[in-house]
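S.K.: Sequence first, then the predicted structure:
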Amino acid sequence: MNYQPSDYLPILVQLGAAIAFIVATMLATHWLGPKRHSKLKDDVFECGIESIGDARTPISVKYFLVAILFVLFDVEIIFMYPWAVNFKALGWDGFMEMIVFMGLLLLGFIYVIKKGVLKWEK
Amino acid sequence: MLTISLILLPIIAGLIILLTKGDNPKTIASIAAFVELILGGYAYNQFVPNGSSQFGASYNWIASAGIKFSVGIDGISLILVCLTTLVVPFIILSTFGRTEKNAPTFYALILFMQAALIGVFTAKDIFLFYFFFEVALIPVYFLAAIWGGENRIKVTFKFFIYTLFGSLFMLLGLVYLYMKTPGLHSSAISEIYQIAEGLNGKQQGYLFWAFFIAFAIKMPVFPFHTWQPDTYVESPTAATMLMSGVMLKMGTYGLIRILLPIVPLGVQTWGTTAITLSVIGIVYGSIIAIQQRDMKRLIAYSSFAHVGLISAGIFSRTLEGLQGSLMQMLAHGINVVGLFAISEFIFQRTKSRDLSRLGGITQTTPNLTVYFVIIMLGSVAMPLTNGFVGEFLLLKGIYTYNVWFGAVSGLTIILGAVYMLRMVQKSMFGETSKLTQGFADLALHEKMTLFPLAFMVIWFGIAPNTFLPIIEPAVKQLLTIIK
Amino acid sequence: MNSIIALSLFGIANLFLGFLNNRKILMPATLAFILFALGLNLADWNTEVLWFNNMLRTNNLSVNFTTVILVATLLVVAISRGFGDDEEHSHPAEYYAIMLFSVVGAIMMVTFENLLMLFIGLEILSVSMYVLTGSDKRNLRSNEAALKYFLMGAFATGILLFGVALVYGATGSFSIYGIGNFVTENRMGQSEITPMLYVGILLIIIGLLFKVSAAPFHFWTPDVYEGAPTIFTAFMSTVVKTAGFAALYRLLSVSFVGEYGKWVYLLYFLCAATLIIANITAVYQQSFKRMMAFSSISHAGYLLMTVTSNQATTQSSILFYSLAYSIATVTAFAVMILVSENKTSNGKPDESFDAFKGLAKNNPLLAFALAVSMLSLAGIPLTAGFWGKFFIFSDAFKRGLILDLIVAVLMSAVGVYYYFKPIIASYMKEGNIQEITIKPIYKLTLIITTILTILLGLMPDLVKSIF
């Protein structure tokens, strides 16, 4: 296979078209849409309790820790999908490797619990 | 084995002083230095005066790179080994009158310095030579920078960087030559001599400057001398004696051992330039010395002038010039140590080295006057003193090379007589000044320092044959390599 | 190779050791772990094995580099002192664990066979270093340093990865030998080389030069070195540098040696630029730590010189130089930690040269260790640093890198100027430093490093014959 730079031209055209579409839509809504402001219109939510203060208030770092831990374990679990699909092909070797992987993950989990990260109130 | 023990003995003694923190480091140091002197004397006694290298020893140092720890003594080395072993005991003796702070380190450093110097003079491998050449800087730097005078930090630092800078270029030159050796490379000096024969004039020209700058800074030759007077003045006198008496001979020794045989073509091209610089140094140093009021500074400039003569003699590449340079290295080492010792003794009593404030010392201490005059006469090359033999040969050598250079160099005798006599006259004779009243007579250790030095001044003057038969075959051997 | 597995497990073990009430056990345990890993590593001597489907390769070269890295880590751990006495806010177990993990990354960088492993090793090492740099949480400078290091480092890693991708695109291989074969075969004229390969090589070189902080990619170094806690500065300047140069050397000498004529000019000038910039700037520093940062850059310049010359002896030169440099650097930082903590100005540790004033009077051991390490860094004979420089100059001479050599010699002389500042301050200036109490293990480490530096200065063949 020998690609010439000219072979990539369609991609460029596609890219240009995509950008043009986005720009055109944004500009169109900006120009075409009517602009009316009222207290209700500018509210963050149109229903429910009234919002108080700024959206960027400091939040306890514990939320972030839990969120990060969730993402961490969540992502690592994704490894199991391809493994499960190829379970038979991988055989015992694959099984042992997954055991090691899960063991490490478990150790990490124990560490997190012992460290008291998930304890909400100390 | 003898050479190895010459190098190791001071190191071991120094370590003993440091580790035991003995109450009397002076005694241990001087005993070690005298044992070293006996070893040096033994080497002199056993030495067979031919061109060969003797008492050799060789061990693998960096086997994979063909670098060996190989040492040996030939005629040229022997002269400098004798000088080192002769001078160091008296340097140590001369310090007995002072109590230094942190004395064990002080004396250990002097001994380490001695070991490094002997290493330089006996090395038969270029990298071993370079190794010792640089290592010698460290103890003397610390000696000068810790125990020196007020301005010591700045001055000694300048000295260190200056000399290191020069020798780095020498390292480049040496590595260049080393890379030219066949096979796995070898850095034996004899092998390097052979390799150097294959170099053309241009390569030798570059190498000449790489080496010449390193040695010229060490000696020092005009215009690389600017570190010297300040360093000599600011250093404690023991360090000054080591520098002027022995360390600067590393430079002249390097010229003879490295520069002349390796780059004869380079010397042919640039030798005249080198001699011109040396001769300028002679005249320049002498004229400045005449105007000095500070004794130590005066001696420093006189030393600068004398070394210019030695260097000019070496670059004349004549038998007489080289013989003379070796004789003069020995003589100059002894004389300058003596002169600095005397200036130190006077300073200890009067707290001054200012010639205009001294005078009349001879009335209370005729002893000191006698020694001073003898050593001074040696320094101005009076016949029947050690300086005469060397200077005569040197001037003859330079004269053979070029009449005009010879004539200008000859000024050294006249100018030397002027500043030396002026120094003796101003300090010893005349009216007693406030400072010199009640000048105490020489103490035992001072007599023990000055008497042997003065004795050597006369002995080597009457019997130059103590060393000439050793020098001659070695120099002839060297000349065959050069030609 | 086994040392990678062992160190990963030890790192986890370290985390759990932190739950014990007795914190004093952590440091000895970490030392024991490292020693054990060192033993495992040495057991691989004279065996050439490819691991994990040709991902890693252990041979004598990798064993040597791993040894240097582990020795440096051992020394750094030995001079660490529990990372703060504050019970609540210090996490010694975690820091030791992260250090062990980062060593895993460093070892992967010296054993990689596949470019992806290089990337992973580099990331493990770098991410750990970002954390450790910011470990002094209450200190603004430390935070700033960590953020700066992270942003710049992430950028450099991206560039490196892009380079890897391009090289893969051009050669169709991730294996360093595969790439090497492709490049040399194409040199024989069998097919064309796309310019993509050269761009890839350029980007990889840039990414790695950033990690070893060579000019002009060095701007993060002084700030990060100064901001990071000193103990991690010592770690950074020894382990990261050694691993980075090992990786650079392996890539250039195995994969891209066929294109030597193309990349040599880049390195040739960068080497000279690094030496000049680092040494000249170092002269103007007032802070010891900042001076050490520039000194680290300048040593990258010397190491770059031997990489540029690409001789058969280059690997042993890099090894010897890294070892000599690591030992001396750790010693210098160890002394600095003691002195600066002892002497505070405005409540902060004093890290300027003035802090060393009068050190020799009541602390002869510290002053001597400092002096020896400075002499070694300056490359004065009698110390290991001299032979390091000597071997590097020899390599450069074989290749005839005259410009670099002359610059290097001039800059060595400049180097002496700033390396002597602490020596002068400690030996020749008056000061009022009382006797500093030193823990036995700390003292032992200082004595060992000092003796090693002098021993290697007297007999370089002790290790040179192995490397």
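M.R.: Yep, that arrived. Since the structure is predicted, the reported quantities are computational estimates derived from the model, not experimental observations. Numbering: from 1, shown residues only, chains lettered A, B, ... in the order given.
S.K.: Count residues in the vicinity of whichever residue of chain A sits closest to chain B, would you?
M.R.: When scored by Cβ to the nearest Cβ, chain A has residue A:100 as its residue closest to chain B, at 42.9 Å. The way it works is simple: take the backbone N, C-alpha and C, and place the C-beta from them, glycine included. Residues lying near residue A:100 (other Cβ atoms under 10 Å in any protein chain shown) number 10.
S.K.: which SSE is it in?
M.R.: Using DSSP states H and E, residue A:100 sits within helix A:87-115.
S.K.: If you count contacts, what does that helix end up packed against?
M.R.: The helices and strands touching helix A:87-115, judged by 3 or more Cβ pairs under 8 Å, 6 or more residues apart in numbering or on different chains; DSSP states H and E, are helix A:61-78, helix A:80-85, helix C:2-17.
S.K.: Let's have those helices in JSON lines, adding distance to chain B.
M.R.: Listed next are these as JSON lines, based on distance: least, Cβ to the nearest Cβ, whole Å:
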{"stretch": "helix A:61-78", "distance to chain B": "49"}
{"stretch": "helix A:80-85", "distance to chain B": "50"}
{"stretch": "helix C:2-17", "distance to chain B": "27"}
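S.K.: just those: most buried one?
M.R.: helix C:2-17 (a mean of 20; mean count of other Cβ atoms under 10 Å in any protein chain shown).
S.K.: The helix or strand following it near chain A at all?
M.R.: On the C-terminal side of helix C:2-17, the closest following helix or strand by DSSP H and E is helix C:26-43. No - Helix C:26-43 lies out of reach of chain A by Cβ under 8 Å from any Cβ of the partner chain, never closer than 15.3 Å.
S.K.: ok, and for helix C:26-43, which residues are buried?
M.R.: Buried residues in helix C:26-43, counted by 16 or more other Cβ atoms under 10 Å in any protein chain shown: C:26-27, C:29-31, C:33-34, C:37-38, C:40-41.
S.K.: Toward the C-terminus, what is the element adjacent to it?
M.R.: strand C:49-51.
S.K.: check whether that next one contacts chain A.
M.R.: No - Strand C:49-51 stays clear of chain A (Cβ under 8 Å from any Cβ), getting no nearer than 14.0 Å.
S.K.: That strand pairs with which strands, parallel or anti?
M.R.: Using DSSP bridges, strand C:49-51 pairs in its sheet with strand C:56-58 (antiparallel).
S.K.: measure the residue of chain A closest to chain B to residue C:50 for me?
M.R.: Per Cβ to Cβ, to the nearest Å, residue A:100 is found 21 Å from residue C:50.
S.K.: before we move on, what about residue A:65?
M.R.: Applying Cβ to Cβ, the value for residue A:65 to residue C:50 is 41 Å.
S.K.: is it true that residue A:55 lies in a strand?
M.R.: No - membership of residue A:55 in a strand is not supported by DSSP: H, G, I helix; E, B strand; the rest coil, which gives coil.
S.K.: what does chain A put close to chain C?
M.R.: Contact residues (Cβ under 8 Å from any Cβ) of chain A with chain C: A:104, A:107, A:111, A:114.
S.K.: contacting residues for residue B:44?
M.R.: Shown in contact with residue B:44 (Cβ atoms under 8 Å, 6 or more residues apart in numbering or on different chains): B:78, B:82, B:470.
S.K.: what about residue B:2, how many neighbours?
M.R.: 20.
S.K.: So what are the sheet partners of the longest strand along chain B and their directions?
M.R.: Longest strand in chain B, counting residues (DSSP state E): strand B:54-62. Using DSSP bridges, strand B:54-62 pairs in its sheet with strand B:67-73 (antiparallel).
S.K.: list the helices and strands the helix or strand hosting residue B:311 packs on?
M.R.: Counting by DSSP H and E, the element that carries residue B:311 is helix B:295-316. Here helix B:295-316 touches helix B:228-234, helix B:237-241, helix B:248-254, helix B:264-291, helix B:319-350, helix B:386-401, helix B:403-428, going by 3+ Cβ pairs under 8 Å, 6+ apart.
S.K.: For chain C, tell me whether the second one is touching it.
M.R.: No - counting by Cβ under 8 Å from any Cβ, chain C has no neighbours in helix B:237-241; the shortest distance is 13.8 Å.
S.K.: do the same with stretch B:215-227
M.R.: No - remark: stretch B:215-227 sits outside contact range of chain C, by Cβ under 8 Å from any Cβ, the gap being at least 11.7 Å.
S.K.: Tell me how many other residues surround the residue lying closest to residue B:11 once chain neighbours are set aside.
M.R.: Among residues not flanking residue B:11 along the chain, residue B:115 sits closest, at 4.7 Å (Cβ to Cβ, 6 or more residues apart in numbering or on different chains). Residue B:115 has 24 neighbours, counted by other Cβ under 10 Å.
S.K.: Show me the shaky parts of the stretch 201-350 of chain C.
M.R.: C:345-347 (pLDDT under 70).
S.K.: change it to 90
M.R.: C:215-216, C:227, C:229-230, C:253-266, C:286-287, C:309-315, C:337-350 (pLDDT under 90).
S.K.: next one: the longest helix along chain C to chain centre, how far?
M.R.: Ordering each helix of chain C by length in residues (DSSP state H) puts helix C:140-171 first. Centroid displacement of helix C:140-171 relative to its chain, using Cα atoms, centre = their mean, to the nearest Å, is 18 Å.
S.K.: Next, name the residue at the spatial heart of chain A.
M.R.: For chain A, the residue nearest the mean C-alpha position is residue A:71 (8.8 Å; Cα atoms, centre = their mean).
S.K.: looking at it, residue C:372 is touching residue C:454, isn't it?
M.R.: Yes - using Cβ atoms under 8 Å, residue C:372 is in contact with residue C:454, at 6.4 Å.
S.K.: And those two? Which one has more around it.
M.R.: Using other Cβ under 10 Å, the more surrounded residue of residue C:372 and residue C:454 is residue C:372, with 28 against 16.
S.K.: Going by neighbour count, which residues in the helix or strand that that one is a member of are buried?
M.R.: According to DSSP H and E, residue C:372 maps onto helix C:364-378. The neighbour-count check on helix C:364-378 (16+ other Cβ under 10 Å) flags C:366-378 as buried.
S.K.: Please tell me I have it right and residue B:139 contacts residue B:107.
M.R.: No - Residue B:139 lies out of contact with residue B:107 (Cβ under 8 Å); the separation is 10.8 Å.
S.K.: Counting neighbours, go ahead and name the busier of these two.
M.R.: Using other Cβ under 10 Å as the criterion, residue B:139 and residue B:107 rank with residue B:107 on top: 28 against 23.
S.K.: before we move on, the earlier item: with mean pLDDT as extra columns, can I get the helices and strands packed on helix B:295-316 in CSV?
M.R.: CSV is the format used below for these (pLDDT from 0 to 100):
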stretch, mean pLDDT
helix B:228-234, 86
helix B:237-241, 88
helix B:248-254, 90
helix B:264-291, 88
helix B:319-350, 88
helix B:386-401, 88
helix B:403-428, 86
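S.K.: would you list the ones you listed in CSV and tack on mean neighbour count?
M.R.: Formatted as CSV, those follow (neighbours: other Cβ atoms under 10 Å in any protein chain shown):
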stretch, mean neighbour count
helix B:228-234, 23
helix B:237-241, 28
helix B:248-254, 26
helix B:264-291, 20
helix B:319-350, 26
helix B:386-401, 25
helix B:403-428, 19
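S.K.: Output the set of residues of the stretch 251-400 of chain C in proximity to chain B.
M.R.: Applying Cβ under 8 Å from any Cβ, we find that the stretch 251-400 of chain C lies next to chain B at C:316, C:375, C:380-382, C:386-387, C:390-391, C:393-394, C:397-398.
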